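Undergrad: Test case, fold it:
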Amino acid sequence: MNIHFAYANSLSRNFARHHLAGSESDISVTTSGSLAAAIEATNTLETLDAVMLDMQMPDMNGLQGLRNFRHSCRHKAPIALTAASMDTLSSDNIMGAGAAAFLPYDMEPDALVTVLRLIIAGESYMPAAMRTRQDRDKQLYLTRREQDMLDGLRAGLSNQEIADY
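TA: This is a model prediction of the structure:
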């Protein structure tokens, strides 16, 4: 597995390079500290299986950085975004911009490797907390009548029964 980790924090880059690559014999890790350096580094690699992009890199510019990376990288490897917080991100926006996964900073190393293997296999991953928050937020935008209709559907009512509800 050839993975490129682009992290703003040098400690995170060193962890990825030394711990993750050292823990599994089939993992090869390259790192960079900016989006521009990540594009340059990955374009020199012969093979690339996955990329982790840190949303905190100074030249990332939010999801635009993901789009720029996708456009500029010669490889079509899946991309996982990482950040300290999911507060300003939605899984729909992340996936729409071309990411295969979102991995919070506090993810356990073994889980991180598992998710990387998952996206390399063609799957996607979003933390359950992100999906739960989005589902809760979406409910806030339903009108009372829309909520009544949804409740009727969940209860198995017919269209007429919902209309009379």
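Undergrad: Flag the shaky bits of the chain, pLDDT-wise.
TA: Scanning the chain for pLDDT under 70 picks out 21-24, 87-88, 131-141.
Undergrad: Nearest the middle, which residue of it would you pick?
TA: The residue at the geometric middle of the chain, judged as the C-alpha nearest the mean C-alpha position with Cα atoms, centre = their mean, is F102 (2.1 Å).
Undergrad: And the contacts of the helix or strand where it lies?
TA: Using DSSP states H and E, F102 falls within strand 101-104. Contacts to strand 101-104, defined as Cβ atoms under 8 Å, 6 or more residues apart in numbering, come from residues 52, 78-86, 89, 91, 94, 112, 115, 118-119, 124-127, 130. Using the backbone N, CA and C atoms, a C-beta is placed for each residue, glycine as well.
Undergrad: So which of the residues you listed are in strands?
TA: Using DSSP state E, the subset of these located in strands is M52, I79, A80, L81, T82, A83.
Undergrad: Can you pick out the most distant pair from the residues you listed?
TA: With distance counted by Cβ to Cβ, no two of the ones in strands among the contacts of strand 101-104 lie farther apart than I79 and A83, which are 13.3 Å apart.
Undergrad: And the strands in this structure?
TA: Counting by DSSP E, the chain has strands at residues 2-6, 28-32, 50-54, 79-83, 101-104.
Undergrad: CSV for those, including distance to L20?
TA: Below are those laid out as CSV (distance: least, Cβ to Cβ, whole Å):
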stretch, distance to L20
strand 2-6, 8
strand 28-32, 6
strand 50-54, 10
strand 79-83, 13
strand 101-104, 12
